[in-house]
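A.B. asks: Quick check, what structure comes out for this input:
(chains A, B, C, D, E, F, G, H, I, J, K and L)
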There are 12 protein chains.
Amino acid sequence: MRVLVIHGPNLNLLGMREPSIYGDQDLDTINGLIEKEAAELGLEVKIVQSNREGEIIDAIHEALNWAQAIIINPAGYTHTSVVIFDALEAVRLPAIEVHLSNIHAREEFRAKSVTARACVGQISGFGARSYLLALRAAKALLERSAT
Amino acid sequence: MRVLVIHGPNLNLLGMREPSIYGDQDLDTINGLIEKEAAELGLEVKIVQSNREGEIIDAIHEALNWAQAIIINPAGYTHTSVVIFDALEAVRLPAIEVHLSNIHAREEFRAKSVTARACVGQISGFGARSYLLALRAAKALLERSAT
Amino acid sequence: MRVLVIHGPNLNLLGMREPSIYGDQDLDTINGLIEKEAAELGLEVKIVQSNREGEIIDAIHEALNWAQAIIINPAGYTHTSVVIFDALEAVRLPAIEVHLSNIHAREEFRAKSVTARACVGQISGFGARSYLLALRAAKALLERSAT
Amino acid sequence: MRVLVIHGPNLNLLGMREPSIYGDQDLDTINGLIEKEAAELGLEVKIVQSNREGEIIDAIHEALNWAQAIIINPAGYTHTSVVIFDALEAVRLPAIEVHLSNIHAREEFRAKSVTARACVGQISGFGARSYLLALRAAKALLERSAT
Amino acid sequence: MRVLVIHGPNLNLLGMREPSIYGDQDLDTINGLIEKEAAELGLEVKIVQSNREGEIIDAIHEALNWAQAIIINPAGYTHTSVVIFDALEAVRLPAIEVHLSNIHAREEFRAKSVTARACVGQISGFGARSYLLALRAAKALLERSAT
Amino acid sequence: MRVLVIHGPNLNLLGMREPSIYGDQDLDTINGLIEKEAAELGLEVKIVQSNREGEIIDAIHEALNWAQAIIINPAGYTHTSVVIFDALEAVRLPAIEVHLSNIHAREEFRAKSVTARACVGQISGFGARSYLLALRAAKALLERSAT
Amino acid sequence: MRVLVIHGPNLNLLGMREPSIYGDQDLDTINGLIEKEAAELGLEVKIVQSNREGEIIDAIHEALNWAQAIIINPAGYTHTSVVIFDALEAVRLPAIEVHLSNIHAREEFRAKSVTARACVGQISGFGARSYLLALRAAKALLERSAT
Amino acid sequence: MRVLVIHGPNLNLLGMREPSIYGDQDLDTINGLIEKEAAELGLEVKIVQSNREGEIIDAIHEALNWAQAIIINPAGYTHTSVVIFDALEAVRLPAIEVHLSNIHAREEFRAKSVTARACVGQISGFGARSYLLALRAAKALLERSAT
Amino acid sequence: MRVLVIHGPNLNLLGMREPSIYGDQDLDTINGLIEKEAAELGLEVKIVQSNREGEIIDAIHEALNWAQAIIINPAGYTHTSVVIFDALEAVRLPAIEVHLSNIHAREEFRAKSVTARACVGQISGFGARSYLLALRAAKALLERSAT
Amino acid sequence: MRVLVIHGPNLNLLGMREPSIYGDQDLDTINGLIEKEAAELGLEVKIVQSNREGEIIDAIHEALNWAQAIIINPAGYTHTSVVIFDALEAVRLPAIEVHLSNIHAREEFRAKSVTARACVGQISGFGARSYLLALRAAKALLERSAT
Amino acid sequence: MRVLVIHGPNLNLLGMREPSIYGDQDLDTINGLIEKEAAELGLEVKIVQSNREGEIIDAIHEALNWAQAIIINPAGYTHTSVVIFDALEAVRLPAIEVHLSNIHAREEFRAKSVTARACVGQISGFGARSYLLALRAAKALLERSAT
Amino acid sequence: MRVLVIHGPNLNLLGMREPSIYGDQDLDTINGLIEKEAAELGLEVKIVQSNREGEIIDAIHEALNWAQAIIINPAGYTHTSVVIFDALEAVRLPAIEVHLSNIHAREEFRAKSVTARACVGQISGFGARSYLLALRAAKALLERSAT
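C.D. replies: Numbers count the residues shown, from 1 in each chain, chains lettered A, B, ... in the order given. Next up is the predicted model:
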């Protein structure tokens, strides 16, 4: 069971960026937590981060060759990116959208997710733990479809 | 660590209601899963279901006397209920909003959550598992605030 | 052939309430007309009135145990109630929405019906007669599905 | 008691046109049902069908010379035609708007009726039976105004 | 100097139609006033009335062969008719839009004129006199362009 | 002179709920102030609080049997409740809408009041004193209509 | 028969200001034309121009002491000024709104007139002649009300 | 304790202006009531009326030199005036917005108050008494801040 | 393989009407080009032009008896005509929408096509050549469905 | 005559991606058809595909050095990309927008094209054939401008 | 080279008004800075401040007699004043709009400038320095047009 | 004092692209002016141009290692890019938004800046000089924060 984790733009600055909203853990720490949780759940993970919409699309496309599920935090692209939405629709892998902060409790434009329409579900507001819960959800999805 | 789980209107018909959207498990089955997961996580849970907005408000208020966190699926009230939003704001307990289906992938009016603004986070789209993930998230929140 | 008739909020004040809009018959008189028409059509009817959204949902749910069709005047809930819409969708009984006044010829917000989307059809503007026409429509629906 | 029945544009194709929405009866069959019901109710009916907005206006105007009530299915003009609305307002005959399908359960633009504001009431969603119910409603209106 | 006067839909019912809004003069009376005023101003007029959008377009097109200016009361088409707007743009004759009632003081949708964009100007609210003022304005336009 | 005072949902938590917005007096204290002021003004008051829309409607209906005026703080229902609006319209008693906080200086959705349209006037922003001013306003209304 | 003519802001710059839109006549020339036409029609006129909303309101109020009708070009205030609307409503003199340019054929915000709702009618698009037509309309209004 | 009372535009015509909305008392009568109530409450008042936005701003600024609170009826400026809003924000004196009529029960644009956002609270719908209630509210505000 | 070509309103004035937008070819010239291209492609064509919405609907209906595909330029009806949309849906022949000008590069209201929803595709912006490309597209559609 | 063909994001997955919408041909097949058609038409083509907005902009810029026309399918960027619009405006080469599916018959947000405003025309809905028609259109444009 | 500097409403309170937004310098200090910078740049300046829209319009008109450029901070009028926009359009002097605070980073209604459409450019967010930069920009504009 | 200057997409075509809007200087010329002005002001500058949103984000991130302020012209990304907004928020360096043209005087969508919310201020409309003014503003910001 292989899961691709995609961090969208600006997440490389985590820990430093508006810690009252995004927490004070940096991305390496979070990736460490993801890898640890994945190992415990018996999942293989590959993690990518990109500030570029095109690279995110490529990563989604390449997931076809390796992953069985995608966990994606599209960050600022969540609210506008038809092309990421289209990419997720195109590959038809089960995807889970993740947000560190609660997108419903911030600026109004953040409450709307263009990309979540192409996902199985969405988890937002739990900081790094949003990813860990998503791993668990991904595992359940894969187990269910395996039977 | 005590968690109140609130099921909103029409969830008493689960299993029977639009199974392609909400799954074919009935509410008792889901409650059984919630209780089992809670036990494993060392959480005490109380579960209520109500089709009445006023009873849901009362349940939120009464949580002050017993619970340390709330998991709530406001169902159809998610999109319109200022009074449930106000109730959650008033008690200031950490709350987690849960949805069986992915609210971003249905009718447009379902993508907007009035109530999630008063919550720590939201988990939607994983069927009964949304609740189980919420329990796990609740535990982490309570552990963090305990330290 | 059994039909549940549900009168929504404030209809208990009929006769007294804005008679230029709602007519001067009180609810008992209207219920008498409904019962008489039902008897003539060979329909069994049960009539409930409630000012409470939750009770209306319960009545819709309970219809599963007794009725084969629902006639509902959601009154002020017509324009906002996602939960009554969800309840009607959940029970999947044929439902007919009824209004005493013509909802298209009043305040703009009354022209939109949230609940009618979950119904077979809608009859509005004929005063008490809207219910009588709905009974006739219900009978035809039941006869058709019986063959 | 004389009633003019007006069928709007494209209704001449009934039976053939999207039967899942409009039913499989053709317009002649429906007109036969209308004439039969009218006869039973003691109403004289004249039936016209036109694909032209201007002819529909003319028919409404001419109703002044013959009819005491109008039953109209403006079809696609329901949602946009100020001129039919104005025509109905101008003649001030009691009018009943009829739709085969439930206009609240289709594309969003169909839920709004410009023309119903000039009518006594509206009946939608019961297929050919919408007309039959409208005849009955018309008769009651005429009897009431006759006393 | 030849001016075509076009009366739009429902104006044939003038005098009879909502006299509190449109006045109690019938169309023949108004046409008499128009002809008298035109004669005094030394203008030749031709007057047409139609309830059909297509005939109004044809009349505008045919104006090319006879008239030097157009006075038009598009009535209910004022607010929606792109095709009349296009026709006026196409013939490029000076046109004056006229309304009996003050379109800014009625329902909100009447305040917007699609067709006036293709006109030199608009006169609304003076009853039959709106036409007489328009004749005077047309004369001035033609005299100016003649020099 | 008898006045019914209705406190809407969540007001039972006053003192504890967001004191920076709603003040730190609890509901009993406020009710004490209301009763004292009423006594001084020579008004009889009855006070109800409910978290349930249906009970609020019932209270408004029952006011017909006892009260000559209504003071109502619909709280979160202010912005959405057509049914409370309808109830106030139905009983046609003079009603005064009251808010502890200034509804124009908070979230945008709170600036709009559905229910105030059915009231004589509205007083908002003065904390508990909003009720006391409303009592005084109610007295004046009743004295005026008594003469 | 006395008519007050009010020129709104920036009209003192006529002739110099965007001549392709407003024409090349200056305000004195236009006032001369107005006075000449008024004399021919047997009307007494007083003409004021102001760049200040407050002075325009005062002029409308003072019209009560002298004028029987008002001709007003509110210029840029046409589209926003509730206070001029209120002033016209308050004095209840017949008022005619005038515009040099065709307000329907410019920026979209100019098509909406807040002030015209309080007027008998509106004449726009004929340059200085808009005023002359308005004088004629005013005379007719006064003659009619005199009989 | 000194309170400045500001009457906005057109209020000088009170008594004469739409008495069904604004009552039949003229401004002098209302000012007399205000002065009498102020005297009874032990408040010093200064009253100004202006039809000019700029004078209202100046009055608000000058309040800094004399008043401890402001009562303002911005009339038609309520719904549009950013500059009065800014003036009230700038002086940071407690202000109370007052309306004679119920702004929620009139044209839709009147329900929105731009200026109330800069006030402590708002009282609307009680005719002249709105001012008297505001005096009482002002006194309470000043007493509270004095302790 | 038979194709019906429908030219909508005002297209009879081509060549004369705003040549900078629509080109300087008249309709006969364009029809000649269409017939020539059709002949080369082995298609039979019938061409109709009408300024009347009703005639266009009739033409679409009659296409059932003769044509296998429709090419339609609804002109000004493109943006508003539900009835033409309904007619195209009803006959279920493959239809291609054509525009001489680029509808996305003109007034904003022209960018939206109501009628294209009922078509296979749309070609806009190439002048007369839009029709020639549509013929080619129609041929391909018919060949594909023939196999 | 040289034409640059640009395929936007996700088109590299054609054949595999939602074949009911986009057809079952893969991009190589389509490119083969494009090259074959170009050869027949005597056009030189260069084809690029990119999932990156920036690369698409670069390709448009570089077209200045080689191509005389551009055929572009901006895919998901059609509806949002101001920067591609700006790039097309900047190079001022004739451009043709192409879509495989009919953008007017899908989600509402797809009906609006930001980029088509900077193009000569648009062809949508004919699958791979949309490109072939665009080649033909491009050839005609280049031939016309060559004379 | 002569430049008129116009300070709009409430700027006379600078230093005292919301210093966290507008800074703590008073208007005299800022005017001193402006005069000093102007002197260094070799510009003659005249500075006016007014709380009255009409005086601002007059000042813009009078600039025709003295100034070659205008620097204007319309303050609260920025977002609503069509009449100041019209005044700037009318005089056709190069104008520069200035704001102390960043209008894009405050309430949403402040992001829109009605008046900037009539200016060469806009400088916002640099406190008093916004004016100094505008002087420099004005100088460059005048030098350029002088050559 | 080190300042990073970022030119967004399509600015590499300056001089060639719509010179009536953007001027006829090419980017090298502008960069030369920037470097000259920076040298005179004692600022170190680094200049980057990119057509890629991701590279712009990277440049903003890297500014953390070198620059003390950012001057950015996001070009077409100004109006839509949440990710650039997020990047600017994340690095929390003082940023100044610059535009060659006046964004308030072009298409309506250009008046809104998503990115300016994360900046200290904005300068638009002065061509290349917008950058030079921004350098001066940056210097002042850095000097102020240095004290």
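
A.B. asks: Close to chain L: what parts of chain A are there?
C.D. replies: With Cβ under 8 Å from any Cβ of the partner chain as the criterion, chain A comes near chain L at residues A:8-10, A:12-13, A:16-18, A:50-55, A:75-77, A:79-80, A:109. Quick note: C-beta positions are derived from backbone N, CA and C, even for glycine.

A.B. asks: Select only the buried ones of these in ChimeraX?
C.D. replies: This is how ChimeraX selects the buried members of the residues of chain A next to chain L, with burial counted by 16 or more other Cβ atoms under 10 Å in any protein chain shown:
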select /A:8,9,10,12,13,16,17,50,51,52,53,54,55,75,76,77,79,80
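
A.B. asks: Can you flag which of the residues of chain A next to chain L belong to helices?
C.D. replies: Members of the residues of chain A next to chain L lying in helices (criterion: DSSP state H): A:53-55.

A.B. asks: quick one: which of these is nearest chain G?
C.D. replies: residue A:53 (33.7 Å; Cβ to the nearest Cβ).

A.B. asks: wait, isn't that closest one in contact with residue J:52?
C.D. replies: Yes. The pair formed by residue A:53 and residue J:52 meets the contact definition of Cβ atoms under 8 Å, at 7.2 Å.

A.B. asks: Now the closest residue to chain L within chain A, what are its backbone angles?
C.D. replies: Residue nearest to chain L within chain A: residue A:52 (2.9 Å; Cβ to the nearest Cβ). Backbone torsions for residue A:52, taken as degrees, to the nearest 10, come to phi -120, psi 130.

A.B. asks: hey, what's the residue positioned nearest the centre of chain A bridged with?
C.D. replies: Nearest residue to the geometric centre of chain A (Cα atoms, centre = their mean): residue A:72, 2.0 Å. In this entry, residue A:72 is beta-bridged to residue A:6, residue A:97, by DSSP bridges.

A.B. asks: What separation do you get for residue A:12 and residue L:67?
C.D. replies: 18 Å (Cβ to Cβ, to the nearest Å).

A.B. asks: which sections of chain A are below the confidence cut-off?
C.D. replies: For chain A, the stretches with pLDDT under 70 are A:147.

A.B. asks: re earlier: tell me which entries of the residues of chain A next to chain L lie within strands.
C.D. replies: If you go by DSSP state E, the residues of chain A next to chain L have nothing in strands.

A.B. asks: mind listing what the residue nearest to residue A:96 when sequence neighbours are not counted touches?
C.D. replies: Excluding the flanking residues, the one nearest residue A:96 by Cβ to Cβ, 6 or more residues apart in numbering or on different chains is residue A:134, at 4.5 Å. Counting by Cβ atoms under 8 Å, 6 or more residues apart in numbering or on different chains, residue A:134 makes contact with A:71, A:96, A:98, A:123.

A.B. asks: Could you list the contact residues of chain A toward chain J?
C.D. replies: So chain A meets chain J at A:52-55, A:57-58, A:61, A:80-83, A:85-87, A:89-91 (Cβ under 8 Å from any Cβ).

A.B. asks: Among the residues you listed, name the buried ones.
C.D. replies: Among the residues of chain A next to chain J, the ones that count as buried by 16+ other Cβ under 10 Å are A:52-55, A:57-58, A:61, A:80-83, A:85-87, A:89-91.

A.B. asks: burial of the residue of chain A found nearest chain H, as a residue count?
C.D. replies: Relative to chain H, the nearest point of chain A is residue A:108 (17.8 Å; Cβ to the nearest Cβ). Around residue A:108 sit 10 other residues, with neighbours defined as other Cβ atoms under 10 Å in any protein chain shown.

A.B. asks: now residue A:17, nearest residue through space, not along the chain?
C.D. replies: Leaving aside its sequence neighbours, residue A:17 sits nearest to residue L:90 (Cβ to Cβ, 6+ apart; 3.8 Å).

A.B. asks: so that neighbour makes contact with residue A:18?
C.D. replies: Yes. If you go by Cβ under 8 Å, residue L:90 and residue A:18 touch, sitting 6.9 Å apart.

A.B. asks: all strands for chain A, in order.
C.D. replies: Applying DSSP E to chain A gives strands spanning A:2-7, A:44-49, A:69-73, A:95-99, A:121-124.

A.B. asks: And the contacts of the second one?
C.D. replies: What it means is strand A:44-49. A:1-8, A:11-12, A:27, A:31, A:34-35, A:38, A:55, A:59, A:66-67, A:135.

A.B. asks: Show the buried residues in these.
C.D. replies: Neighbour counting with 16+ other Cβ under 10 Å marks A:1, A:3-8, A:11-12, A:27, A:31, A:34, A:38, A:55, A:59, A:67, A:135 as buried within the contacts of strand A:44-49.

A.B. asks: Residue A:45 - nearest residue in space that isn't next to it in sequence?
C.D. replies: Among residues not flanking residue A:45 along the chain, residue A:38 sits closest, at 4.3 Å (Cβ to Cβ, 6+ apart).

A.B. asks: And residue A:125, by the same measure?
C.D. replies: residue B:121 (2.3 Å).

A.B. asks: Run through the bridge partners of the one you found.
C.D. replies: Residue B:121 forms beta bridges with residue B:96, as assigned by DSSP bridges.

A.B. asks: Next, find the distance separating it from residue L:35.
C.D. replies: For residue B:121, the distance to residue L:35 equals 49 Å [Cβ to Cβ].

A.B. asks: Could you tell me how many residues sit around residue A:106?
C.D. replies: Burial of residue A:106 is recorded as 13 neighbouring residues (other Cβ under 10 Å).

A.B. asks: for the one 10 residues further on, same thing?
C.D. replies: Burial of residue A:116, expressed as a neighbour count using other Cβ under 10 Å, amounts to 28.

A.B. asks: I'd like the distance between the residue nearest to it when sequence neighbours are not counted and chain I.
C.D. replies: In space, and not counting its chain neighbours, residue A:116 is closest to residue B:104: 3.6 Å by Cβ to Cβ, 6+ apart. Per Cβ to the nearest Cβ, to the nearest Å, residue B:104 is found 24 Å from chain I.

A.B. asks: which residues does residue B:104 contact?
C.D. replies: The contact partners of residue B:104, by Cβ under 8 Å, 6+ apart, come to A:113, A:116-117, A:119, A:122, B:111, B:124.

A.B. asks: Return the closest of those with respect to residue G:139.
C.D. replies: Residue G:139 has its nearest neighbour among these in residue B:111, at 59.6 Å by Cβ to Cβ.

A.B. asks: And the closest residue to the closest one other than its chain neighbours, how close does it get to chain D?
C.D. replies: In this structure, residue B:111 finds its nearest non-sequential neighbour in residue B:104, 5.0 Å apart by Cβ to Cβ, 6+ apart. Distance of residue B:104 to chain D, computed by Cβ to the nearest Cβ: 19 Å.

A.B. asks: What of residue A:124?
C.D. replies: From residue A:124 across to chain D, the span is 28 Å (Cβ to the nearest Cβ).

A.B. asks: related to what we said a few turns ago, the ones in helices among the residues of chain A next to chain L into a markdown table, with extra columns for distance to residue E:140?
C.D. replies: Output for those, formatted as a markdown table (distance: Cβ to Cβ, whole Å):
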| residue | distance to residue E:140 |
| --- | --- |
| A:53 | 60 |
| A:54 | 62 |
| A:55 | 67 |
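
A.B. asks: Thanks again, I'm all set now.
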